[in-house]
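> I would like to see how this sequence folds:
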Amino acid sequence: MTTTSTTTIKKKYNISVEATLEVIGGKWKCVILCHLTHGKKRTSELKQLMPGITQKMLTQQLRELEADGIINRIVYNQVPPKVEYELSEYGDSLSDILTALCNWGEQHIIKQYGDKYAVLEDNILNK
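Numbers count the residues shown, from 1 in each chain. Predicted structure coming up:
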């Protein structure tokens, strides 16, 4: 068992990419993060940009990303309440990875379907 000055580490990974996927893996987290690379978003904006996600799943994914320090939740003291999400400085360190994933996905779509616009939704990320 390895220890640090403040925490006992009990987790073991076979390969470091497991740690990455533990934080950003799954169907929705990278999609949320890609949207947040374009600036702060309210929950309702994210839901509109991702019509396939349920409200419950969106809330869960946002909470997990916040708990991992990847995004910041900004609460404005007003009525009605306003909450926005943004990439944290730590989360911003994922920008190159997210860009690489998007680029690979675009090339994969072109290879599989020919015309990327035939299968990609019309939104700001696909321009």
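> pLDDT score for residue 49?
Listed pLDDT for residue 49 reads 93.
> In this structure it contacts residue 36, no?
No. The criterion here is CB atoms under 8 Å, and residue 49 misses it with residue 36 at 10.3 Å. (Glycine included, C-beta is placed from N, CA and C.)
> Looking at those two, which has the bigger crowd around it?
Shown here are residue 49 and residue 36; by other CB atoms under 10 Å, residue 36 has more neighbours (25 against 18).
> Number of residues surrounding the closest residue to that one other than its chain neighbours?
Among residues not flanking residue 36 along the chain, residue 87 sits closest, at 4.9 Å (CB to CB, 6 or more residues apart in numbering). By the criterion of other CB under 10 Å, residue 87 has 23 neighbours.
> I'd like the distance between residue 87 and residue 93.
9 Å (CB to CB, to the nearest Å).
> do residue 23 as well
Taking CB to CB as the measure, residue 23 falls 11 Å from residue 93.
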